[in-house]
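Chemist: Fold the following for me, if possible:
(2 chains)
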Protein chains: 2
Amino acid sequence: MRCELVAVGTELLLGQVVDTNSVWLAEQLAASGIDCHFHTSVGDNVGRIVDALRIALDRSDAVVVTGGLGPTQDDVTRDAIAEVMGVPLERDEAVLARIRALFEERGREMVVSNERQADVPVGAVVIPQTRGTAPGLICAVGHRVLYAMPGVPHEMMDMAARSVLPDLMERAGTRSTIVSRVVRTWGLAESTLAERVAPRVEALEAAGNPTIAFLAGGVEGIKIRVTAKAESTEAALAVVEAEDAELRAILGSLVFGVDDDTMESAVGALLEDAGLTLGLAESMTGGLVASRLVNVEGSSAWFKGSVVAYDSQVKFDVLHIPEGPVVSEEAAASMAAGAAKVLGADVGLSVTGVAGPAEQEGMPVGTVFFGLHLDGATDVRYRRLPGDRERVRQFATISLLDMLRRRLLDRL
Amino acid sequence: MRCELVAVGTELLLGQVVDTNSVWLAEQLAASGIDCHFHTSVGDNVGRIVDALRIALDRSDAVVVTGGLGPTQDDVTRDAIAEVMGVPLERDEAVLARIRALFEERGREMVVSNERQADVPVGAVVIPQTRGTAPGLICAVGHRVLYAMPGVPHEMMDMAARSVLPDLMERAGTRSTIVSRVVRTWGLAESTLAERVAPRVEALEAAGNPTIAFLAGGVEGIKIRVTAKAESTEAALAVVEAEDAELRAILGSLVFGVDDDTMESAVGALLEDAGLTLGLAESMTGGLVASRLVNVEGSSAWFKGSVVAYDSQVKFDVLHIPEGPVVSEEAAASMAAGAAKVLGADVGLSVTGVAGPAEQEGMPVGTVFFGLHLDGATDVRYRRLPGDRERVRQFATISLLDMLRRRLLDRL
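Modeler: Next up, the predicted model:
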């Protein structure tokens, strides 16, 4: 069963609204094991909606169209569907009565244009509305099927869950379910990661289940999506978990979590397990590391705080680092030890460098020194990071957190 | 000139990623006066990308395709374009050299699969990449044009602004220019703001030029977009500027900037003009205020740093506030004065409160105290902010910055 989505609304084509309906429906279709190969957005224009629906019906077994069912003159999805079906629109008295009742219930006056919402292409089955005035439609077009739902997200979701998805599943006659998991990695370029995982991808290709895909996540690392199909959710999950284990065997500590896990939640969990508290000294990141850590729920158990020493004098006065160059190994080491001491933490973590736009102390933009103070010893690392001011900061932040993550893993 | 968008990526069809690229591009096309009638999303499959591109080229003068230009096996947009153009792919040595250089610069290993990114359909013009490894493409297909850009948003936006949009505008040969400006406001609900501006909107309606639209910006305030059409950029800009002045006359200090101005850049400009330096003491915001301020270019001239005192003991030890409740007027005042003193700044700014999920010191989630120390005096403000942990933090950050902005404006 192949199903595709058509979203109607000129506001989508102007970039004024994000099409969250298609994102939600796409997720539901994937979870229901129904293939979806195309999404189309089209404006409030009968001719162009007709074109989009004909193209979609030509290459898929089912089409779900959202939007354009409202009461105003620019709501023309009904007209387009009637044209595609080759039938006229007919006013449905039961639907009209339902709309009238809704207006009365809400104590609002019903204007004539609302009557248009009771117009139904001859032969279409009405999906009763329970939340708004626009009914949905199930329309046979040859041996294909076309579903129409309102564009208001909560009305659409209700109608999809209540009627469209169960109807689709029944037509598909499929009992198969899809489960997917995103394995999150950090530290390798996409191409290098893909090469390491290549033997696994090849081994899976013959069976076609599970499948593996790489998603670039910018500075947040590469995500590997594992998707499995099976007769039950439990069986699909078991396949996903087995593949997750295979990937971890190949990638080791490059994997920092799955799905909604973040680098900071991974670090937080390791600190909590180790019973350690953390203090930061941030220069170029200007509080970014701290602001990510406090987003982790329960961070107050292990996060003490941060000295954001943007001005050099603050490094000398508050962190007590020796006077001298502040973009250096020595400064990073001294800041890390200073952070642990001043903030009363077990672990001190520091970052100093040049975010740009100009060089500093003769050091080029992108120069970064990281410091980590733990168990009486201080490690320092140097890196040259790419990108503009904002990107250098983001890269420095996640690099610093990953340095701590690996140190805590080694310590286990 | 009609242009349509094709977004490539199986993750879009699975609802795992929201297609923000198409939203951004749609806005740019609308602002450039170029009609866009369809958006299509398609998976990482050569045959289906070819289908989508052929359909798009059949009904539009130009097509912009994003995504699928990466180095892995599932990045097949290049192959699809070559098929649509009816030409082979050829390795471009200049592009290859550029990719190699980028890997060397970053000290990372380049694997063989990266070479695929240097494959160019014969006859296509390369848009040089400045931020990533994938170049863009400008491809003539009959008398139509096809642009390809990487799916990574910041790479795509850079390439669109630098090359694709100017090229499109030139081909469109349009003589009327659209200029728009976003006037940024903070402190009023959208309905209240709309009511104040209503007389102006009515006055403009007859002429239809310029137009005014309200865009909700969440915690960042309401944006008012002014769009003017004229025969030259200068003439359109003059109309926009006159309208900007009208809006400021109505809204006064509710307006904090235009276009890319942010609350932090507005605060930075005022501090710089006043010749004042700033130090922060942050509790619940956990470094968020500092991290926004350092994003302002030239912030090192006026920003000293921040003491992120997440743990109460850090407030006592580093900021020297008196022992006692830390979510209180007294604590906020003492933190602001302490920040100025410890960090050696003219202005001390503080925030302490309850971000959630649980109450603290008997204070409910959303309770926030702000402190501002300047010219020997300390002001404190109390607010109860709505939303979850993340939203409360964001609201507290912008509220604190706005408090300083208004104080600096009063001081002029």
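Chemist: does residue A:7 belong to a helix or a strand, and which?
Modeler: In the assignment (DSSP states H and E), residue A:7 maps to strand A:3-8.
Chemist: Can you give the contact residues for the next helix-or-strand element following that strand?
Modeler: Using DSSP H and E, the helix or strand that follows strand A:3-8 in sequence is helix A:10-13. With contact meaning Cβ atoms under 8 Å, 6 or more residues apart in numbering or on different chains, helix A:10-13 is reached by A:17, A:19, A:41-45, A:74, B:26, B:30, B:36-39. Heads up, the C-betas are built off the backbone N, CA and C, glycines and all.
Chemist: Check stretch A:268-277 too.
Modeler: A:278, A:293, A:296, A:298-299, A:301-304, A:344-347, A:374, A:405, A:408-409, A:411.
Chemist: The residues you listed also near chain B: which ones?
Modeler: Filtering the contacts of stretch A:268-277 for proximity to chain B by Cβ under 8 Å from any Cβ of the partner chain leaves A:293, A:299, A:303, A:304, A:344.
Chemist: just curious, which of those is nearest to residue A:130?
Modeler: Nearest to residue A:130 out of those is residue A:299 (Cβ to Cβ; 42.1 Å).
Chemist: worst-scoring helix or strand of chain A, pLDDT-wise?
Modeler: When the helices and strands of chain A are scored by mean pLDDT, DSSP states H and E, strand A:211-216 comes last with a mean of 82.
Chemist: Okay, now the sheet partners of it, with direction.
Modeler: In the sheet, strand A:211-216 lines up against strand A:222-230 (antiparallel) (DSSP bridges).
Chemist: Quick check: residue A:103 touching residue A:111?
Modeler: No. Assessed by Cβ atoms under 8 Å, residue A:103 is found out of contact with residue A:111, at 9.1 Å.
Chemist: Between the two, which has more neighbouring residues?
Modeler: For the pair residue A:103 and residue A:111, the greater number of neighbours falls to residue A:103 (14 against 9), based on other Cβ atoms under 10 Å in any protein chain shown.
Chemist: and the residue lying closest to that one once chain neighbours are set aside, how far is that from chain B?
Modeler: The shortest distance from residue A:103 to any non-neighbouring residue, by Cβ to Cβ, 6 or more residues apart in numbering or on different chains, is to residue A:110 (3.9 Å). Separation of residue A:110 from chain B (Cβ to the nearest Cβ, to the nearest Å): 25 Å.
Chemist: what do you get for residue A:124?
Modeler: Applying Cβ to the nearest Cβ, the value for residue A:124 to chain B is 25 Å.
Chemist: pretty sure that residue contacts residue A:136?
Modeler: No. With contact defined as Cβ under 8 Å, residue A:124 and residue A:136 do not form a contacting pair (9.7 Å).
Chemist: Does residue A:133 lie in a helix or a strand, and which?
Modeler: Per DSSP H and E, there is no helix or strand for residue A:133.
Chemist: Could you tell me the per-residue confidence at it?
Modeler: Looking at residue A:133, its pLDDT reads 83.
Chemist: same thing with residue A:344?
Modeler: 97.
Chemist: nearest to chain B, of the ones next to chain B among the contacts of stretch A:268-277?
Modeler: residue A:304 (4.5 Å; Cβ to the nearest Cβ).
Chemist: picking up where we left off before, and the contacts of stretch A:268-277, which of them are in strands?
Modeler: A:278, A:303, A:304, A:347, A:374 (DSSP state E).
Chemist: Switch these over to a markdown table; also include pLDDT and neighbour count.
Modeler: Formatted as a markdown table, the ones in strands among the contacts of stretch A:268-277 follow (pLDDT from 0 to 100; neighbours: other Cβ atoms under 10 Å in any protein chain shown):
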| residue | pLDDT | neighbour count |
| --- | --- | --- |
| A:278 | 98 | 27 |
| A:303 | 98 | 26 |
| A:304 | 98 | 26 |
| A:347 | 98 | 24 |
| A:374 | 97 | 21 |
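Chemist: Which residue, neighbours along the chain excluded, lies closest to residue A:156?
Modeler: Distances taken as Cβ to Cβ, 6+ apart place residue A:149 nearest to residue A:156, at 4.7 Å, with adjacent residues excluded.
Chemist: hey, what's the one you found bridged with?
Modeler: With DSSP bridges as the rule, residue A:149 is bridged to residue A:66.
Chemist: contacting residues around it?
Modeler: By Cβ under 8 Å, 6+ apart, the contact set of residue A:149 is A:64, A:65, A:66, A:69, A:127, A:136, A:155, A:156, A:159, A:160, A:164.
Chemist: which residues does the third one contact?
Modeler: Read it as residue A:66. Residue A:66 neighbours (Cβ under 8 Å, 6+ apart): A:5, A:6, A:7, A:8, A:21, A:22, A:25, A:148, A:149, A:150, A:151, A:156.
Chemist: per-residue confidence at the last one?
Modeler: Looking at residue A:156, its pLDDT stands at 94.
Chemist: Which one of the ones next to chain B among the contacts of stretch A:268-277 is nearest to residue B:142?
Modeler: Top of the list for closeness to residue B:142, among those and by Cβ to Cβ, is residue A:293 at 55.1 Å.
Chemist: these two touch, right, the closest one and residue A:279?
Modeler: No. Using Cβ under 8 Å, residue A:293 is not in contact with residue A:279, being 10.8 Å away.
Chemist: The strand or helix carrying residue A:194: which residues count as buried?
Modeler: Here residue A:194 sits within helix A:190-205, counting by DSSP H and E. Buried positions in helix A:190-205, judged by neighbour count with 16 or more other Cβ atoms under 10 Å in any protein chain shown: A:190, A:191, A:192, A:193, A:194, A:195, A:197, A:200, A:201, A:204.
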